[in-house]
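[1] got a structure for you, letters missing:
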């Protein structure tokens, strides 16, 4: 099973990307997570041809069995870079890479809210794109700065167990949806 990991922030030392790296190490047997880059996409503009790197991103989504988002929360929503990548991958009309692609969401923040508003907003966006999002288990990480070491390695055992449970549920669910 191939899962595409999409991190929602560009910040060096991003906890969103660190969660994806942790997920790569915690995958169930037979599951591989490929993390994609979205930071060099131009701002979405339907007047320009789809750039090569965006087309490659769209192809990766199409060839994956599932999507794993990991995002921070900016101003009660998803970061602009993530929304931009989603817009590119879902357009033009009739060329939506996310159509019927199962997804799961991990969110994080350095505060107590854990990125939950961004996770719920991302879930709303994916409804429009006909991408079913796993509802349980949820993975929202509060006080993320306390759960990683200086090198960006996840040290919190509870969060590791939550990631394992999410990946197990996503892989089983994606397998069922294929049938």
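    Yes, it's here. A quick note: this is a predicted structure, and the numbers were derived from the prediction, not measured.
[2] Quick check: residue 155 vs residue 146, distance?
    Taking Cβ to Cβ, to the nearest Å as the measure, residue 155 falls 9 Å from residue 146. All C-beta spots, glycine's among them, are computed from the backbone N, C-alpha and C.
[3] so what's residue 13 scoring on pLDDT?
    pLDDT for residue 13: 88.
[4] wouldn't it be in contact with residue 153 here?
    No. Using Cβ atoms under 8 Å as the test, residue 13 is too far from residue 153 to be in contact (11.9 Å).
[5] who does the one helix or strand residue 4 maps to touch, helix- and strand-wise?
    Here residue 4, judged by DSSP states H and E, is contained in strand 2-7. The contact analysis (3 or more Cβ pairs under 8 Å, 6 or more residues apart in numbering; DSSP states H and E) places strand 2-7 against helix 15-25, strand 32-36, helix 52-63, strand 66-71, helix 157-178.
[6] That one - which strands sit beside it in the sheet, and in what orientation?
    Here strand 2-7 is paired, per DSSP bridges, with strand 32-36 (parallel), strand 66-71 (parallel).
[7] Need the winner for burial among those strands.
    Mean neighbour count (mean count of other Cβ atoms under 10 Å) peaks for strand 66-71 among these, with a mean of 28.
[8] That one to helix 15-25, inter-axis angle?
    For strand 66-71 against helix 15-25, the angle by axes from the mean of the first three to the mean of the last three Cα atoms, to 10 degrees is 140 degrees.
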